[in-house]
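test case, fold it:
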Amino acid sequence: MTSSLAPSSLTPSSLTFLGLGDMGRALAHSALKADHSITVWNRSSGKDAELVAAGAQSAPTVADAVAAADLIVVCLLDDASFRQNLGPVAEQLRGKVVVNLTTSTPGEARELAKWAQEHGIRFVDGGIMAIPPMIGTDAAFILYSGDREAYDAHAERFAAFGEPVFAGTDPGAAALQDLALLTGMYGMFAGALQSLALVRSAQPEVSSFVPLLQRWIGAMSGALGQMAAQIDADDYKLGGVVSNLAMQAAGAGHFDDVVADQGLTTNLIAPLTELMKRRVADGHGEDDVASVVELLLTRKA
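Sure, this is the predicted structure:
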C-alpha cells in the first residue's frame, strides 16, 4: 500500500519488481545477474536485503517503486493483492508496461487488462512455469499474453527469467495455459503416486522401481501429439487406433481389484477409468483414448 503519491527520488532503473516472496526475489535476482538495474518493493520489510546488497534500489512505497521504471513486474499473492496495491497508483502507471506474474485465472487476467486499458496502462499477463530455483536457468519458461507490442518491446528483458513464450493476444491465454500445464503435472503426479503406493504395498522401498516408471511415462508421453491431432480433427480414429477404449476399459477393473487386494485406501485413477467406461457405453468403444475429452467439454473453442 502506498503512503504518498509524490514523485520518487530514486534513480531511474530498467525494471521495478513489486512483491518479494520466494518467486519475486528469484525474478529480481535473475534480472540483476543479467545486468539490469532494478528497483524493488515489498509490503513487509526485510526481504530486500540481499537484493539491495547485490545492487538493487529499495523503494519505500509502491508509488516510489512505480515511478522508478517504465517496466513494472508484479508478483504478488493473488488478484486481490494486485488490485489493492496497484489500484491507488493507476494514474502513475499510465503509459507504463505492467507485467503481471501473479498467479491468476483467465477471467481475472482479462478483467485486469480491461482495468489497465481504462487507465492507459500497457498490460501483459504471465504464467511462470518454474519453481524459484529454476528461474534464470534453461529449464524455466514463462508464458505471456495480452499486449503483443509491449511484449515484443521487452522480450529480451524477460529472457533473464527464463525462456519467454507468447501465448496469444487474449490476456487470459497465459493463465489458461499455465493452469492447463499444471493440470497435466498434477495428473501425472496422481498416477505416479498411485503407482508408487501400489509398489510400496508389496515391497519396503520404491526407489528401484522409479527408473522403470520414468521410462514408461516418457515413452507414453509420445502419444500426446496424436491425441491432440485427434481432438483438433474431432476424429478419434485418426492415425489408427492401436489400443481402443473398449479394450482399455475392460482392463480398468484390474486397477480397482489390485487396490483392494493390496489394502490401499483409494484409487487416484478411478475418475479416468469411469470416464472410459462411460464413453464405451455411449458407443465409442472403437475410439482411441483421446475420445474421453468429449466428456470433459461442455463447450468447444
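
helices and strands of the chain: which one has the lowest mean pLDDT?
When the helices and strands of the chain are compared on mean pLDDT, DSSP states H and E, helix 245-261 comes out lowest with a mean of 92.

after that helix, which helix or strand is next? Please name it.
On the C-terminal side of helix 245-261, the nearest following helix or strand under DSSP states H and E is helix 270-281.

tell me where the protein has helices.
22-33, 49-53, 62-67, 79-86, 106-118, 148-158, 173-200, 210-220, 224-233, 245-261, 270-281 (DSSP state H).

the inter-axis angle of the fourth one versus helix 106-118?
For helix 79-86 against helix 106-118, the angle by axes from the mean of the first three to the mean of the last three Cα atoms, to 10 degrees is 20 degrees.

rewinding a little: pull the residues that contact the least confident helix or strand of the chain.
Contacts with helix 245-261, where a contact means Cβ atoms under 8 Å, 6 or more residues apart in numbering, come from 198, 266-267, 269-270, 273, 276-277, 279-280, 284-289, 291-292. Using the backbone N, CA and C atoms, a C-beta is placed for each residue, glycine as well.

of all the helices of the chain, which one comes closest to residue 11?
helix 62-67 (11.0 Å; Cβ to Cβ).

could you list the domains of the protein?
Structurally, the chain divides into domains by automatic domain parsing as follows: 15-176, 206-295.

can you say which of these is packed in most?
domain 15-176 (a mean of 20; mean count of other Cβ atoms under 10 Å).

how far away from the center of its chain is that domain?
14 Å (Cα atoms, centre = their mean, to the nearest Å).

quick one: end-to-end distance for that domain.
Domain 15-176 has its terminal residues 26 Å apart, counting by Cα to Cα, to the nearest Å.

stretch 61-69 - what's its average pLDDT?
Here stretch 61-69 scores 97 as its mean pLDDT.

using CSV, write out the CA atom coordinates for that stretch.
What follows is stretch 61-69 as a C-alpha-only set of coordinates in CSV (Å, rounded to 0.1, in the frame of the first residue of the first chain):
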residue,chain,number,x,y,z
THR,A,61,6.3,2.8,-1.2
VAL,A,62,4.6,1.4,-4.3
ALA,A,63,4.3,4.9,-5.6
ASP,A,64,8.1,5.3,-5.4
ALA,A,65,8.7,1.9,-7.0
VAL,A,66,6.4,2.6,-9.9
ALA,A,67,8.0,6.0,-10.5
ALA,A,68,11.4,4.5,-10.8
ALA,A,69,10.9,2.4,-14.0
